[in-house]
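structure for the following, please:
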Amino acid sequence: MSNIVPLVLFGGTFDPIHNGHIWMAHSVFQQFNEVGIHAEIRFLPTACSPFKKTQTSAKHRLDMLRLAIRDTPFAIDKTEIYSTSTPYTIDTLNTIRERVGSLRPLIFIMGQDSLDSLPQWKGGFELLEKTHLWIFPRMNGKKTNFLTLPTEIQNKQSFNPKDLYLNRNGLIYLDKYNPPPLSSSSVREHSATSELSILLKKSLPPRVLAYNRKTKLYGFTSPYES
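Modelled structure (predicted):
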C-alpha cells in the first residue's frame, strides 16, 4: 500500500465554515504526518436542507470554503452539495467508494454525538463497511464509553492513525485532542447582533470574515474593520 493515499472526508453544512473546522482538518492531517503518512483531506459540504428555510445557499457556502482552505493542503468534494434530494451519508459513501475503488482507505470525520446516535442513522454502523470513523471529542470533554456501544463494534477501536492506513475501512479512531469551542450556529447568532465581537474575529478565518462583511451574510451591515 506504499503508493495509496488515505482519503479523509469532513462532512457538514459549513454555514459558515469556522476556525474549529480548519483546526480539526489540520489535526487529522498532522496526526497522519506524525506516523509517516500523507493523507488527502476533503471538505464535504451537504446539500441545502428542505427543512431549513434560512440555510445559506450552496454558492455562498462553497465560496467561503474556498477562501478558508486557500493556502492549505485541503480540497472540496462536491458529491452532496448540489443534490436535489436529502443525501444520506451511507449513500454518499457508497458513491465515493465506487469512485475511488476498493483499495483506498476512507476515513469519515464526525463528532462523538454523531457516533452515539449512529444506530439511528440510515445504514447505522454499516458505514464501517465503507469507511473508518475519526471521532472528535465533545467540546465539554466527555468521552464516549465504548462499552455502551453495540457489542458488534466494541472491538473496532483503533489507537493509532496508522491502523486506518493499513486497513481500508472498519475502524473507529477517537481523537485525543479537544477541538476549539466554536460552532457555526454561534457564529450566525453573534454576527446578527454584534458583528465586531471578539467571538467573530476568533471564529472566522480572515478571508471568510471579510467575505461575510462584503456580502452581508448572517446580518453583517457595517464595513470591514481590521
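
just the endpoints, please. Distance across stretch 110-121?
Between the opening and closing residues of stretch 110-121 lies a distance of 13 Å (CA to CA, to the nearest Å).

pLDDT of that stretch, averaged?
Stretch 110-121 shows a mean pLDDT of 88 in the predicted model.

if you count neighbours, what's buried in it?
When neighbours are counted by 16 or more other CB atoms under 10 Å, the buried residues of stretch 110-121 are found to be 110, 111, 112, 114, 115, 118. Every residue, glycine included, has its C-beta placed from N, CA and C.

got a list of contacts for that stretch?
Outside stretch 110-121, the residues within contact range by CB atoms under 8 Å, 6 or more residues apart in numbering are 11, 88-90, 124-125, 127, 133-138, 142-144, 149-150, 172.

strands - which of these land there?
Among the contacts of stretch 110-121, the subset assigned to strands under DSSP state E consists of 11, 133, 134, 135, 136, 172.

can I get the residues you listed in CSV including distance to residue 47, pLDDT and neighbour count?
Listed next are these as CSV, based on distance: CB to CB, whole Å; pLDDT from 0 to 100; neighbours: other CB atoms under 10 Å:
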residue, distance to residue 47, pLDDT, neighbour count
11, 11, 96, 21
133, 22, 97, 26
134, 23, 97, 24
135, 24, 94, 21
136, 23, 93, 23
172, 26, 95, 23
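
going by distance to residue 37, which of these wins?
Nearest to residue 37, judged by CB to CB, of the ones in strands among the contacts of stretch 110-121 is residue 134 at 13.2 Å.

so what's the nearest residue to residue 44 once chain neighbours are set aside up against?
Sequence neighbours aside, residue 11 is the residue nearest to residue 44 in space, at 4.2 Å (criterion: CB to CB, 6 or more residues apart in numbering). Contact partners of residue 11, counting by CB under 8 Å, 6+ apart, are 44, 45, 46, 80, 89, 92, 108, 109, 110.

now, which of the residues you listed lie within strands?
Among the contacts of residue 11, the ones falling in strands (DSSP E) are 44, 45, 108, 109, 110.

and which of the residues you listed is nearest residue 35?
Taking CB to CB as the measure, residue 35 lies nearest residue 109 of these, at 17.3 Å.

tell me the contacts of the closest one?
Contact analysis of residue 109 by CB under 8 Å, 6+ apart lists 8, 9, 10, 11, 24, 28, 134, 136.

distance to residue 60 added to the residues you listed, as CSV?
Formatted as CSV, the entries for the contacts of residue 109 read as follows, by distance: CB to CB, whole Å:
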residue, distance to residue 60
8, 24
9, 21
10, 19
11, 18
24, 21
28, 25
134, 27
136, 25
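
tell me the one among those residues nearest to residue 202.
For those, the minimum distance to residue 202 (CB to CB) is 15.7 Å, reached by residue 24.

and that closest one, what helix or strand is that in?
Assigning secondary structure by DSSP states H and E places residue 24 in helix 19-34.

touching that helix from outside, list them.
Applying CB under 8 Å, 6+ apart, the set of residues contacting helix 19-34 is 6, 8, 10, 12, 14, 38-39, 41, 43, 68-69, 72-74, 107, 109, 134, 136, 161, 165, 175, 177, 179-183, 202-205.
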